[in-house]
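Participant: Kindly generate the corresponding structure for this input.
(2 chains)
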There are 2 protein chains.
Amino acid sequence: RLSIEGNIAVGKSTFVKLLTKTYPEWHVATEPVATWQNIQAAGTQKACTAQSLGNLLDMMYREPARWSYTFQTFSFLSRLKVQLEPFPEKLLQARKPVQIFERSVYSDRYIFAKNLFENGSLSDIEWHIYQDWHSFLLWEFASRITLHGFIYLQASPQVCLKRLYQRAREEEKGIELAYLEQLHGQHEAWLIHKTTKLHFEALMNIPVLVLDVNDDFSEEVTKQEDLMREVNTFVKNL
Amino acid sequence: RLSIEGNIAVGKSTFVKLLTKTYPEWHVATEPVATWQNIQAAGTQKACTAQSLGNLLDMMYREPARWSYTFQTFSFLSRLKVQLEPFPEKLLQARKPVQIFERSVYSDRYIFAKNLFENGSLSDIEWHIYQDWHSFLLWEFASRITLHGFIYLQASPQVCLKRLYQRAREEEKGIELAYLEQLHGQHEAWLIHKTTKLHFEALMNIPVLVLDVNDDFSEEVTKQEDLMREVNTFVKNL
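Facilitator: Numbers count the residues shown, from 1 in each chain, chains lettered A, B, ... in the order given. As a prediction, this is how the structure comes out:
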């Protein structure tokens, strides 16, 4: 079980599509961002007149000091649910089952929540309660959410900003380079320099595959093949 | 395993002291209200210069629309932790171990959070996310947080207000009769009229012992003995 980590708009979804095409027997769980954009009133998800409660992602970007805590508790919950789901059928038969998540309960805390606290969007008390929740639940569910590897898609904040403009997601209109630079720093501290203070023994020794995706790989076939080969070798050695 | 339910200042702590005196072999877990009043920065709890992050209970009463969601996620977490704690040593040897909690993860939702939503302190989106968390975690921990009985301390809101003034808890200065009337209505709907919509099969059939505590029982010995006898009979028949 691995997770793909990386800055906003670095190219995770493109990378996920590539993985799914190259290794159809692997199971890839995409980031539940859609649920954050469209929180459905319980029981109306299926009904065609799903009553939308609001776009929490948008609220968080517009008023971070008010909605960051609420957003982080919801994103943490949705990631925890994804990582706790039982193995899908097709994986049970696979000789060496591989499951890949788009981001994880770890990046939820050590990248996003940590960053929101450091840039003042989470107050001391909110950050304390968030960590209390996070540590308690990860301790309770430890065995069921183990990860064996991280795939870090690394690119400069400037490249990410360019790609962010290209995909033009409505809520992200207000995102500035400074925010991407903060998140870039958090990723580098955690996955490269290993200076981020971690609270889970298991997390300390998880191997990290760093993939430089500064060059556009959405079309470039040889670049894609290199990336997929590196991933395959990495997974085999886990 | 039982929980004591009842309005603010109905006399739960007095009742808990009485229980502990009368049945010392029973284990009684008191409500973690102290943690809500004095949220300690992690790692400083023991240090004598514990750095207090703030009084969340007070923040919630002062600015309910801002802090109710944050408060409810923290109170839910602290109640869940209490109910998930392994059986204390002394209970393991008891012939018929009895554990009693002061309120529960159920009152957290079906009394307090529900009330905060109905009186406008929790927005639709906050109420939705709180319920999502609550249902998910109670589903995951179902077997470990089972309750076999509720002890409902019943008294009129007016009596509770009088007792609230007597104990004069700093954060509760602003509490008005109307709020106690709302909470009274929630208790009656859940535990007496059974009109509250519940989301857990197990919760539907838990027996309820209703104890009228309108008369002051803090000094009155015969009244205390009656109450303790009723509790003992109730517990025996569980």
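Participant: residues contacting residue A:200?
Facilitator: A:106, A:138, A:142 (CB atoms under 8 Å, 6 or more residues apart in numbering or on different chains). Placement of C-beta: from N, CA and C, glycine included.
Participant: Give me the distance from the longest helix seen in chain A to the chain's centre.
Facilitator: Longest helix of chain A, by residue count under DSSP state H: helix A:64-84. Distance of helix A:64-84 from its chain centroid, counting by CA atoms, centre = their mean, to the nearest Å, is 12 Å.
Participant: Equivalent analysis for stretch A:155-163, please.
Facilitator: Distance, centroid of stretch A:155-163 to centroid of chain: 17 Å (CA atoms, centre = their mean).
Participant: when you check chain B, which of the contacts of residue A:200 turn up near it?
Facilitator: Near chain B, judged by CB under 8 Å from any CB of the partner chain, there are no entries from the contacts of residue A:200.
Participant: ranking those by neighbours, who comes first?
Facilitator: Among those, residue A:106 has the most neighbours (other CB atoms under 10 Å in any protein chain shown), with 24 neighbours.
Participant: SS state for residue A:5?
Facilitator: strand (DSSP: H, G, I helix; E, B strand; the rest coil).
Participant: near chain B at all, the longest helix of chain A?
Facilitator: Yes: for helix A:64-84, a contact with chain B is found by CB under 8 Å from any CB, at A:66, A:69, A:70, A:73, A:74, A:77, A:81, A:84.
Participant: still on that earlier bit, output the contacts of residue A:200 as JSON lines; include the columns pLDDT, secondary structure and distance to residue B:206.
Facilitator: Shown next, in JSON lines, are these (pLDDT from 0 to 100; DSSP: H, G, I helix; E, B strand; the rest coil; distance: CB to CB, whole Å):
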{"residue": "A:106", "pLDDT": "96", "secondary structure": "helix", "distance to residue B:206": "38"}
{"residue": "A:138", "pLDDT": "94", "secondary structure": "helix", "distance to residue B:206": "30"}
{"residue": "A:142", "pLDDT": "89", "secondary structure": "helix", "distance to residue B:206": "31"}
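Participant: wait, which of these is closest to residue A:20?
Facilitator: residue A:106 (22.5 Å; CB to CB).
Participant: Give me the buried stretch members for stretch A:139-155, please.
Facilitator: A:140, A:145, A:147, A:149, A:150, A:151, A:152, A:153, A:154, A:155 (16 or more other CB atoms under 10 Å in any protein chain shown).
Participant: So which of the residues you listed reach chain B?
Facilitator: Within the buried residues of stretch A:139-155, those near chain B by CB under 8 Å from any CB are residue A:140.
Participant: low-scoring stretches of chain A, by residue?
Facilitator: Within chain A, the segments meeting pLDDT under 70 span A:40-53.
Participant: Next to chain B in this structure, residues from it, please.
Facilitator: Residues of chain A lying near chain B (CB under 8 Å from any CB): A:39, A:41-42, A:53-54, A:56, A:59, A:66, A:69-70, A:73-74, A:77, A:81, A:84, A:124-126, A:128-129, A:131-133, A:136-137, A:140-141.
Participant: Buried ones only from those residues, please, as a PyMOL command.
Facilitator: Only the buried entries of those go into this PyMOL selection, using 16+ other CB under 10 Å:
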select buried, chain A and resi 39+53+56+59+69+70+73+74+77+125+126+128+129+131+132+133+137+140
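Participant: what's the closest non-adjacent residue to the spatially most central residue of chain A?
Facilitator: Among the residues of chain A, the one closest to the centroid is residue A:103, at 2.1 Å (CA atoms, centre = their mean). Here the nearest residue to residue A:103 in space, its sequence neighbours aside, is residue A:31; by CB to CB, 6 or more residues apart in numbering or on different chains that works out to 5.4 Å.
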